[in-house]
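Chemist: output the structure for:
(2 chains)
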Amino acid sequence: QQPVQSPQAVILREGEDAVINCSSSKALYSVHWYRQKHGEAPVFLMILLKGGEQKGHEKISASFNEKKQQSSLYLTASQLSYSGTYFCGTEMDSGGGADGLTFGKGTHLIIQP
Amino acid sequence: NAGVTQTPKFQVLKTGQSMTLQCAQDMNHNSMYWYRQDPGMGLRLIYYSASEGTTDKGEVPNGYNVSRLNKREFSLRLESAAPSQTSVYFCASSRYRAGELFFGEGSRLTVL
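Modeler: Next comes the predicted model:
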């Protein structure tokens, strides 16, 4: 079942912060985050596994609330290079095997100078 | 340093024609996937192969077939193309379940 992302689109000024949310109605094993630039392939940002650990780098981080089956991606002090479409991908907690990721419809992030 | 390679990058078909999209990875990954991407729909899983010798249906498998030829190669076949299959197709691979996905550059298919 496709996870729901919000918001659908965000327009920011360089240096502002953004939060992108991803929620599922099913129990999750993992949540992935990817960024896609126009005309390019999606690029991996991070994975969060069941356990609620927050991961990330200095300015891009994410959290996973497994009780609520929700994940959030945090972009702080946004840079022009952060522009693109962000996708969350979820993997169900089905007990084993590779079921493949189910992606949300994406959040378009536009960073303006 | 190739990663995931897809061919062809562009293809135009007429309704009813068949074709095969090829995908190969050189990272010794176990799992491979085919996704399609349509405007406003995100990436939707067509088929995946958890390991060599196995294939399973994803969300939108109708009208497609796949073959995991060996550990490196995973092909996607359209037996009788329809305009609804106009899309950008991405092949991806990962080392293990819940592992990072590495995507190919995509194949843009237009069915007239």
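
Chemist: what residue ranges in chain A score low on pLDDT?
Modeler: Where chain A drops to pLDDT under 70, the residues are A:52-58, A:94-99.

Chemist: return the residues of it in contact with chain B.
Modeler: By the rule Cβ under 8 Å from any Cβ of the partner chain, the part of chain A lying against chain B is A:2, A:29-30, A:32, A:34, A:40-44, A:47, A:49, A:87, A:89, A:91, A:96-106. Every residue, glycine included, has its C-beta placed from N, CA and C.

Chemist: whichever of those residues end up buried, select them in PyMOL.
Modeler: The buried residues among the residues of chain A next to chain B can be selected in PyMOL (16 or more other Cβ atoms under 10 Å in any protein chain shown) with this line:
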select buried, chain A and resi 2+29+30+32+34+41+42+44+47+87+89+91+98+99+100+101+102+103+104+105+106
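
Chemist: out of the residues of chain A next to chain B, list just those in strands.
Modeler: Here DSSP state E is the test, and those give A:29-30, A:32, A:34, A:43-44, A:47, A:49, A:87, A:89, A:91, A:102-103 as lying in strands.

Chemist: can you redo these as TSV with distance to A:Ile11?
Modeler: Converted to TSV, these look like this (distance: Cβ to Cβ, whole Å):
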residue	distance to A:Ile11
A:Tyr29	33
A:Ser30	30
A:His32	25
A:Tyr34	20
A:Val43	21
A:Phe44	25
A:Ile47	28
A:Leu49	32
A:Phe87	18
A:Gly89	24
A:Glu91	31
A:Thr102	27
A:Phe103	22
